[in-house]
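Trainee: need a structure here:
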Amino acid sequence: MPLGTPHTDVDALRAGFAAQMHAVGTRAPIQRLGVAVSGGGDSMALLRLAQDWAQRHQKTLLVATVDHGLRPQAADEAAMVARCATRLGLPHQTLEWRGWDRHGNLQDNAREARKRLLSQWAQAHALDAVALGHTLDDQAETLLMRLARGSGVEGLSGMAAHHVAQGTTWLRPLLGMGRAQLRAYLRALRETWVDDPSNHDTSFDRVKARQALDYLAPLGLDAKRLGQTADRMRAARTSLDFLADAQAAKILTVEHGDFIFDARELDALPQDTRTRLAAHALQAISGNAYRPRLDALHAALHSTSRTTLHGCVLSRSKGALRVTREYSAVTRLRAPIGATWDGRWRVQPVSAPPDNAHDLHIAALGPDGANQCRPRSDWRVPYASLLASPAVWQGTTLIAAPLAMQNCGWQAESYHIWPRMRIS
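Mentor: As a prediction, the model looks like this:
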């Protein structure tokens, strides 16, 4: 979209944003929208565009800022967003994360923490969706980084404009808009924003990709062209997903939260279909919005022994490939009775809630809990699956384990996102 006068830019961007929101609304109506705003130029533009859209269409808008506590300026930036939201008449909440232990990839840890905090915020406020400020430039950088990792069609389809993860609907209505456009829009509104110094830290791959795009642009490999490539790859992925879903209807069964493939039928499928099915199973069980890397996925599928990947366990037995949750991935997860546990389980009493329900919580059964359960002949799933299954606890005392048939006054239901599944 070429830049003209500030007034033209404002109108054009507002119209583009409204069109994106209308397209999303055809999937599911959005009356209550959350906006994640860091204070940077992209997210501040998102805030102003969303505020205009909400006002014009009589929608409810809430604003949240995640303070990672990784920079001294973070609290001041959150306060700046709060002041802007107040000026616009919007409720704002700062979500604090102080959980980084200085191990692992900082950006990955921060991103996952941000998603988790925003998801909890969205569910607490009954939001229909949360909008994120990723732009066309972000899409191009993502594509370039994934190309460097040797990604296939899935990775090269880029970031989706709409997806569901951790029980929350996420929107990226700015994917067709560039950073320069959005900053011109903010200047036209006389709006301020802050620049995160990490955006210039070349130790991060995304910053390297951003700089590489400056050199590639003269070849025609600019953000717009890479965005077009992502769109075409996404269309190809949709076709491949359709073929994989048709096979899933034939060879996949869901049994008490586990995904079970007919191993012989799975092995006979083309490699892309095979890895697509396995990746979808891993994502559905782990709740991870991202697929595992192809090399790790191929290795797991070719292994004849028990393998852990993506917070799950893959094991072959009696002609079947079973994918289940890994116990170590859920050892610290807790949820109150009635809430969703591990992103896919609901545990409820069969009849009326007990009087002490407020003292109870849901957590993984684990080996200590399994040792307190009935003989294995009563178990509804194998031992490895049972360890990661939801159980009802009062402190450290086991109250019920539905999948071990321990105290059948409770039931556990799992939820998965996959069309045409056979569930038992």
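Trainee: and the helix or strand harbouring L13, what's its mean pLDDT?
Mentor: Here L13, judged by DSSP states H and E, is contained in helix 6-25. Averaged across helix 6-25, pLDDT comes to 83.
Trainee: Can you list the buried residues in that helix?
Mentor: 9-10, 12-14, 16-18, 20-21, 24 (16 or more other Cβ atoms under 10 Å). (Each C-beta comes from the backbone N, C-alpha and C, glycine too.)
Trainee: now, which of those residues sits nearest D138?
Mentor: Distance to D138, by Cβ to Cβ, is smallest for Q20 among the buried residues of helix 6-25, at 15.0 Å.
Trainee: quick one, phi psi at M405?
Mentor: phi 60, psi 30 (degrees, to the nearest 10).
Trainee: Dump the buried residues of helix 6-25 into a markdown table; add distance to M80 as well.
Mentor: Supplementary listing: those in a markdown table, determined by distance: Cβ to Cβ, whole Å:
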| residue | distance to M80 |
| --- | --- |
| D9 | 23 |
| V10 | 22 |
| A12 | 27 |
| L13 | 22 |
| R14 | 23 |
| G16 | 26 |
| F17 | 22 |
| A18 | 26 |
| Q20 | 26 |
| M21 | 25 |
| V24 | 28 |
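Trainee: returning to that earlier point: just checking, what packs against the helix holding L13?
Mentor: Contact analysis of helix 6-25 by 3 or more Cβ pairs under 8 Å, 6 or more residues apart in numbering; DSSP states H and E lists helix 41-57, strand 168-171, helix 179-189 as its packing neighbours.
Trainee: For G176, give its distance to L294.
Mentor: Separation of G176 from L294 (Cβ to Cβ, to the nearest Å): 28 Å.
Trainee: can you list the weak-confidence ranges in this protein?
Mentor: For the chain, the stretches with pLDDT under 70 are 1-8, 70, 99-108, 416-424.
Trainee: Give the next helix or strand downstream of the helix ranked longest in it.
Mentor: Criterion DSSP state H: the longest helix present in the chain is helix 223-251. Heading C-terminal from helix 223-251, the first helix or strand you meet, by DSSP H and E, is strand 252-255.
Trainee: Counting by contacts, list what the longest helix of the chain packs against.
Mentor: If contacts are counted by 3+ Cβ pairs under 8 Å, 6+ apart, helix 223-251 sits against helix 136-148, helix 153-156, helix 263-267, helix 271-286.
Trainee: Give me the angle between the lengthiest strand in the chain and helix 41-57.
Mentor: Using DSSP state E to define each element, the chain has its longest strand at strand 60-67. On the basis of axes from the mean of the first three to the mean of the last three Cα atoms, to 10 degrees, strand 60-67 is oriented at 160 degrees to helix 41-57.
Trainee: partner strands of strand 60-67, parallel or antiparallel?
Mentor: When pairing is defined by DSSP bridges, strand 60-67 lines up against strand 32-36 (parallel), strand 92-96 (parallel).
Trainee: right, and the helix or strand after that strand?
Mentor: Once the chain leaves strand 60-67, the next helix or strand it forms, by DSSP H and E, is helix 74-87.
Trainee: helices or strands next to that next one in the packing?
Mentor: By 3+ Cβ pairs under 8 Å, 6+ apart, helix 74-87 packs against helix 41-57, strand 60-67, strand 92-96.
Trainee: Now do the second one against helix 74-87, angle only.
Mentor: In other words, strand 60-67. 170 degrees.
Trainee: Mind listing residues that contact strand 60-67?
Mentor: Outside of strand 60-67, the residues within contact range by Cβ atoms under 8 Å, 6 or more residues apart in numbering are 31-39, 47, 50-51, 54, 74-75, 77-78, 81-82, 85, 90-97, 113-114, 117-118, 121, 125, 127, 130.
Trainee: if we go to 6 Å?
Mentor: 32-37, 50, 54, 74-75, 78, 81, 85, 90-96, 114, 117, 121, 125 (Cβ atoms under 6 Å, 6 or more residues apart in numbering).
Trainee: Give the PyMOL command for selecting the buried subset of those residues.
Mentor: Selection of buried members from these for PyMOL, criterion 16+ other Cβ under 10 Å:
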select buried, resi 33+34+35+36+37+50+54+74+78+81+85+90+92+93+94+95+114+117+121
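Trainee: Now L95: closest residue in space, sequence neighbours ignored.
Mentor: L117 (4.2 Å; Cβ to Cβ, 6 or more residues apart in numbering).
Trainee: How far away from the center of its chain is stretch 248-262?
Mentor: 23 Å (Cα atoms, centre = their mean, to the nearest Å).
Trainee: scratch that, stretch 234-251
Mentor: Between the centre of stretch 234-251 and the centre of its chain there are 21 Å (Cα atoms, centre = their mean).
Trainee: for stretch 229-238, same thing?
Mentor: Per Cα atoms, centre = their mean, the centroid offset for stretch 229-238 relative to its chain is 19 Å.
Trainee: again, but for stretch 49-68
Mentor: That offset, for stretch 49-68, works out to 20 Å (Cα atoms, centre = their mean).
Trainee: So for S389, which of the helices and strands packed on helix 223-251 sits nearest?
Mentor: Closest to S389 of the helices and strands packed on helix 223-251 is helix 271-286 (Cβ to Cβ; 11.9 Å).
Trainee: what angle separates the closest one from helix 223-251?
Mentor: Going by the same axes, to 10 degrees, helix 271-286 makes 80 degrees with helix 223-251.
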